[in-house]
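Peer 1: Test case, fold it:
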Amino acid sequence: MTESVDGAGPAVVRLQHLTTGYAETEVLRDLSFRVVAGELVAVIGPNGSGKSTLIKTLVGLLPPWEGTADVLDGVPATARPRVGYMPQAEHVDWQFPITVREVVSMGLYERRWGRSRWTKRWRALRGRDPRIDAAMAQTRVAELAARQVGELSGGQQRRVLLARTLVRQPEILLLDEPAAGLDTTSEHELLELLRGLAQDGATIIVATHDIVSVMEFFSRVLCINGTLIADGPPREVLVEETLVETFGHDLVVFHRGDHGYAAEPHVAHGRHEHD
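Peer 2: Residues are numbered from 1 along each chain as shown. Prediction:
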């Protein structure tokens, strides 16, 4: 197990010797690191490495088997009102007749971590709360407020979902493959947005498979494959030796200027259910 490099300032996320998984299947073992406020952290690894498992543990959807996970000075479940979570698979019917504003407002009242919250209160207040306009402005979808979500491009739809995640003004964002399936332009727009949010003080942890984008947009990267392989600035961490240890030999390695190596793993079309 590799200990993380300590960041400056108090930790808002802290894992100490965390081991967890699903049913009787161990996915992560002896994982330790800390994240301070304002960091933009990428989590990379092959399919089945535990990226999604880590995000779900920090959200409080999976309990630690051994060790501890602390978020905002408490167990993850107690921090939920202060954490924004965007899961990997958003089961959205884009043909459902609903506007962008209504989708964003659902982040205030519709979900309590998986439990439906379609209430009269949401229907009454969905157009009035100033946080709705603030979240749409942050994600640059304000001009789309009255549009049906089914009319939008993939990149616009993803920004709407991010606005829904931001509408409660969380202190920490936990995002599982938020740019998956987007074209390069839309992906870069989304990552630029995340970088701006981090510069404004948000703490953001993103599970991703796009190593090139990690090099360009993130200040820190965690390489995991069942445990923590490496942790630090991307240009120091994403060297050939670490990438081979993380992904195995099933990758393409190439130089990026004077800054060592980056890589594109061969990502399967399907995802491991315990990634």
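Peer 1: In space, not sequence, find me the middle residue of this structure.
Peer 2: Nearest residue to the geometric centre of the chain (CA atoms, centre = their mean): Leu175, 1.7 Å.
Peer 1: Provide a list of residues in contact with it.
Peer 2: Counting by CB atoms under 8 Å, 6 or more residues apart in numbering, Leu175 touches 55, 85-86, 162, 165, 194, 204-207. The way it works is simple: take the backbone N, C-alpha and C, and place the C-beta from them, glycine included.
Peer 1: ok, those residues vs Glu245, which is closest?
Peer 2: Distance to Glu245 across the contacts of Leu175 (CB to CB) is lowest for Ala207, with 18.6 Å.
Peer 1: was I right about the closest one contacting Asp176?
Peer 2: Yes - using CB atoms under 8 Å, Ala207 is in contact with Asp176, at 4.8 Å.
Peer 1: The two: which is more packed in?
Peer 2: Counted by other CB atoms under 10 Å, Ala207 and Asp176 do not tie: Ala207 has more neighbours, with 27 against 23.
Peer 1: And the pLDDT for that one?
Peer 2: Ala207 carries a pLDDT value of 96.
Peer 1: residues touching the closest residue to it other than its chain neighbours, list them.
Peer 2: Nearest non-adjacent residue to Ala207, counting by CB to CB, 6 or more residues apart in numbering: Lys51, 3.9 Å away. Residues in contact with Lys51 (CB under 8 Å, 6+ apart) are 43-45, 176, 207-208, 224, 275.
Peer 1: tell me the two of these that are most distant?
Peer 2: Spatial extent of the contacts of Lys51 (CB to CB) is set by the pair Asp176 and Ile224 at 13.5 Å.
Peer 1: I figured Met106 hits Arg164, correct?
Peer 2: Yes - assessed by CB under 8 Å, Met106 is found in contact with Arg164 at 6.0 Å.
Peer 1: okay, these two: which has more neighbours?
Peer 2: More crowded of Met106 and Arg164, by other CB under 10 Å: Arg164, with 26 against 18.
Peer 1: residue ranges with poor pLDDT in the stretch 1-150 of the chain?
Peer 2: Along the stretch 1-150 of the chain, the parts satisfying pLDDT under 70 run over 1-8, 88-91, 110-127.
Peer 1: Mind doing that once more with 90?
Peer 2: 1-10, 23-24, 47, 77-78, 80-81, 87-96, 106-129 (pLDDT under 90).
Peer 1: can you give me the helices in it?
Peer 2: Taking DSSP state H, counting those that start in this stretch, the helices of the stretch 1-150 of the chain run over residues 51-59, 76-79, 100-109, 120-125, 130-138.
Peer 1: ok so, going back, can I get the contacts of Lys51 in TSV with distance to Ala198?
Peer 2: Listed next are these as TSV, based on distance: CB to CB, whole Å:
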residue	distance to Ala198
Val43	15
Ile44	17
Gly45	21
Asp176	17
Ala207	16
Thr208	15
Ile224	20
Asp275	24
